[in-house]
Structure formats: structure tokens, C-alpha cells
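Engineer: can't give you the sequence, but here's the structure:
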Ligand SMILES: [Fe+2]
């Protein structure tokens, strides 16, 4: 048997997955164990879980695949550093993060000292991982693959054609242009400052009117080939400054991405403590509409280029379920597969499958479809009972009563009754979803 361990490490939503002979065995985000949202260090607990689920040790893993390749786009990076006036602090920060990520064997030694590792480490470019995470586990033999996110390995979007077990990338958008950064900047501007708050804007959008869409056409410019460009006057990330993305003590953080020029265009930003007004709802609706216009411009161009009716999506922006829900009505595509772990946790899955298929031989054939999201830990009734015993004092202190209902029909009836009374039910059953976008 050949095992490939996929990793997203030292980046938000650190995660691990394990592929055995081309079939996914386990996948889970580190935050599930550490209970810190978007935790972004080395995913040691997720790795331990994946190995335990398969009943193996790290010594049995021949290949480790990481969803980052520092060599990717390096001439573009160098050109940008030399010509953009980017701050030295920004460059040093990126180099330091690169050092942490690169030494995977060292990280195993430090974080999993009980395990021996003698496998091969494969660095796989960030967007290739997103594309692979969607296409190589999709039900399609041939599909247009599109990845849109903030940034990874110096690009923010990539697209191309997947066929059999290969992927050909035929277009990219590079730093500093990014739809993910546009959406994140608007999220901050509306007063939601935390990493991963974008879903709040998506949820707020239907309550507003798209009256800023024309103004936002200045911010995101669309090109005929499906690519897009930001008007950098409205942003602060391009020269580094304080808007750099960094992971500190496992927590991802992004400084203020928008510039004063944005407030000049749209009016003042909302203080996070201030009430939400119609103007904020209208900005949210307009930002969502602007994102959708750019997204569908890209989809139209990709369909024109390849003439294939199946589409697969990944990348952080593939969590925009509102836009995804319009794919079949606003684009010529007739079939759609969205990687449920669209963000960087899913990059671990893409890295593992891209590496597995690169090995050739039996790996050349695809024989796995990821048709659900439940690849994390589960718990047996005995484990749940033991956990209750261990935390009994906490339950008692909180005034909780615990009752075991063994008969399933009785349990369902009781639950339905409680729901009918307007109560909120927490339900835990089977394996955990590998990732949680919000
Ligand atoms: Fe990404």
C-alpha cells in the first residue's frame, strides 16, 4: 500500500489528510482539536488522527505533500520586490514563514517526536493544489477547473482544464490582484475585522441594494480573457505595509487592507461596535454583486476557451455559496462540482491527490470520488459515555441534566418535540466534517 499524507501547514486552517492507494482515508483541520478557529501552525494533532484512523505510523508514510511551493513564480516575486518598493519587513516576514514551512522533516521531529519519518516531501504549488482538490476527486473525466482565493504562492486565481488524471493550467492572476482580497477588504470596511468573516458579508448582502456597483467597477476591473485587476489606490496590501498576512502563535491575522481612498469613494467605514445601517447592507450587496460579476466573467471566458460543460471549483472564494448557486443559471456550464473544503485546508487534499497521480503506474488511474465531507473523527457510544463521566462536574455546575435514550424512534420523537417548542438542538452523529469554513 502507498500512503500520501497531505498537509496545509503554517497557514490559516492548518490541516492534514491521508490518501491510501488513491483513496481518501481521513481529512481534518487542526482547529478541530485545538479549538481555536482558523489555527494556522503545524497540524500535529490532525496528522496523529489521520495516522490513527488508518492504523499506521508515520514510518509507513512514503510521501508527504504540502500545498505550498516556494519556488513557484519566483521570478515574478523577485521582479515585484525589485520594482514595487515593497517594504523590507514584508520580505523578511515571508522569508521567515518560508523557513518554517520548508523543513517538514524537522517539524515532524519537533511536533511528533514519538514518530519516525523517512519519506519523501513534495512541495505542490498552492493553486495547483486547489485545482487538484476539486478536479481529481470530482466525478468528471474532463472539466474546466477554477480556483479563486486571497493569495497563495504569489497568485490569487488559476484556471485550466482537467482531463483523466492530469491538470493543465492556462491562466492565472498574480499578486497584488485578488478577488479574495477585494472581498476581505470590503468585509473589514463593513466592520467585520476577523480572518474568515467574509461569510457575514455574504449573509448581509440580500438585505441591501446594489447601489454601489457602478462605483465598485472602478475597484475591480474585468478583462476579456476572464482575468481581473484591482485599482490599487483603494488597497494597502501591495507594498506590504501593515496589511501583510501573517500567522502569529497559530492565529492568522491580516492588517487593514483598504485605503482612505475607499472611504472617499463609498463614505466612512463602519466601526465594528456601531450599529449596522442600510448603507452597510448596500455595500455588502454591492460587494457580492461585484464579486459575482468578476466570477462569472471568468467562468464565461473559461467556457469559451475549452467548450467543456463540467466545472469544478475550489479556493477560498469557492465558499461563496451564493455565487456557486447561480453557476448553472448565469454561465454556460451544465455540471458543477465544488470541493467542500474549498479553502486552504482542502489544499492538503489537493496536494495529496496531485502527488499520488504524479507517481504514475497504478496511480495514473483515478478511482475515487469525494462525494461527502465527513472525513474527521467519530466517537463510539462508550467514548461519549467516558467523556461525560470525565466532565461530569462541569455539567453539574452548569445545571445540565443528562439522559440516555437508547431507542432511536423515541430519541427522534423527543427531538422533534423540542424543535417544535422553538429550542435549538445540537446533534452529533458519525464522522466530523473535515473542515468548517466560518
Ligand atoms: Fe488558497
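Structural biologist: Perfect, I can see it now. Just so it is clear, the structure is predicted and the values come from calculations on it, not from any experiment. Residues are numbered from 1 along each chain as shown.

Engineer: all strands for the stretch 251-400 of the chain, in order.
Structural biologist: 251-254, 310-314, 335-338 (DSSP state E, counting those that start in this stretch).

Engineer: winner for burial among these?
Structural biologist: strand 310-314 (a mean of 29; mean count of other C-beta atoms under 10 Å). Yep, even glycine has a C-beta here, placed from its N, CA and C like the rest.

Engineer: Residue 162 and residue 342, how far apart?
Structural biologist: 16 Å (C-beta to C-beta, to the nearest Å).

Engineer: contacting residues around residue 63?
Structural biologist: 2-5, 119-120, 122, 355-356, 359 (C-beta atoms under 8 Å, 6 or more residues apart in numbering).

Engineer: Phi and psi next, for it.
Structural biologist: phi -130, psi 130 (degrees, to the nearest 10).

Engineer: same check, this time on residue 9
Structural biologist: Dihedral angles (degrees, to the nearest 10) for residue 9: phi -130, psi 150.

Engineer: Ok, the one 10 residues further on next?
Structural biologist: Geometry field for residue 19 lists phi and psi as phi -110, psi 130, criterion degrees, to the nearest 10.

Engineer: Can you get me a residue count around it?
Structural biologist: 29 (other C-beta atoms under 10 Å).

Engineer: got the contact list for it?
Structural biologist: 3-6, 25, 352-353, 356.

Engineer: Of those, which belong to helices?
Structural biologist: Among the contacts of residue 19, the residues falling in helices (DSSP state H) are 352-353, 356.

Engineer: Residue 434: which of those is nearest?
Structural biologist: Checking these against residue 434 with C-beta to C-beta, the nearest one is residue 352 at 12.4 Å.

Engineer: if I read this right, that closest one contacts residue 17, doesn't it?
Structural biologist: Yes - judged on C-beta atoms under 8 Å, residue 352 makes contact with residue 17 at a distance of 5.5 Å.

Engineer: about what we covered before: turn the contacts of residue 19 into a markdown table, including neighbour count, distance to residue 228 and pLDDT.
Structural biologist: Listed next are these as a markdown table, based on neighbours: other C-beta atoms under 10 Å; distance: C-beta to C-beta, whole Å; pLDDT from 0 to 100:
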| residue | neighbour count | distance to residue 228 | pLDDT |
| --- | --- | --- | --- |
| 3 | 22 | 39 | 98 |
| 4 | 28 | 34 | 98 |
| 5 | 31 | 35 | 98 |
| 6 | 34 | 29 | 98 |
| 25 | 17 | 38 | 98 |
| 352 | 34 | 30 | 98 |
| 353 | 29 | 28 | 98 |
| 356 | 29 | 32 | 97 |
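
Engineer: Now do whichever residue of the stretch 151-300 of the chain sits closest to the ion: how many residues are near it, please.
Structural biologist: Closest approach of the stretch 151-300 of the chain to the ion (C-beta to the ion) occurs at residue 152, with a separation of 4.2 Å. Neighbour count of residue 152, defined by other C-beta under 10 Å: 27.

Engineer: hey, what's it bridged with?
Structural biologist: Beta-bridge pairing of residue 152 under DSSP bridges involves residue 155.

Engineer: show me the contacts for residue 43.
Structural biologist: Contacts of residue 43 by C-beta under 8 Å, 6+ apart are 7-9, 14-16, 29-30, 348.

Engineer: pLDDT value on the residue of the stretch 251-400 of the chain at minimum distance from the ion, please?
Structural biologist: Relative to the ion, the nearest point of the stretch 251-400 of the chain is residue 344 (4.5 Å; C-beta to the ion). Per-residue pLDDT puts residue 344 at 96.

Engineer: how many other residues sit next to it?
Structural biologist: Counted with other C-beta under 10 Å, residue 344 comes out at 31.

Engineer: repeat for residue 36
Structural biologist: Residue 36 - counted by other C-beta under 10 Å - has 13 other residues nearby.

Engineer: Briefly note if stretch 165-175 comes near the ion.
Structural biologist: No - using C-beta under 5 Å from the ion, stretch 165-175 stays clear of the ion, with a minimum separation of 12.5 Å.

Engineer: Which residues in that stretch does the neighbour count mark as buried?
Structural biologist: 165, 167, 169, 171-175 (16 or more other C-beta atoms under 10 Å).

Engineer: that older thread, closest one of the ones in helices among the contacts of residue 19 to residue 309?
Structural biologist: Out of the ones in helices among the contacts of residue 19, the member with the shortest distance to residue 309 (by C-beta to C-beta) is residue 353, at 22.8 Å.

Engineer: In contact with the closest one: list those residues for me.
Structural biologist: 4, 6, 19, 22, 132-133, 136-137.

Engineer: Which residues of the stretch 251-400 of the chain lie near the ion?
Structural biologist: Checking the stretch 251-400 of the chain against the ion by C-beta under 5 Å from the ion, the hits are residue 344.

Engineer: please redo it, this time with the cut-off set to 8 Å
Structural biologist: 315-316, 343-344, 347 (C-beta under 8 Å from the ion).

Engineer: export the buried residues of stretch 165-175 to JSON lines and tack on secondary structure and pLDDT?
Structural biologist: Shown next, in JSON lines, are the buried residues of stretch 165-175 (DSSP: H, G, I helix; E, B strand; the rest coil; pLDDT from 0 to 100):
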{"residue": "165", "secondary structure": "coil", "pLDDT": "94"}
{"residue": "167", "secondary structure": "strand", "pLDDT": "96"}
{"residue": "169", "secondary structure": "strand", "pLDDT": "97"}
{"residue": "171", "secondary structure": "strand", "pLDDT": "96"}
{"residue": "172", "secondary structure": "strand", "pLDDT": "96"}
{"residue": "173", "secondary structure": "strand", "pLDDT": "96"}
{"residue": "174", "secondary structure": "strand", "pLDDT": "94"}
{"residue": "175", "secondary structure": "coil", "pLDDT": "89"}
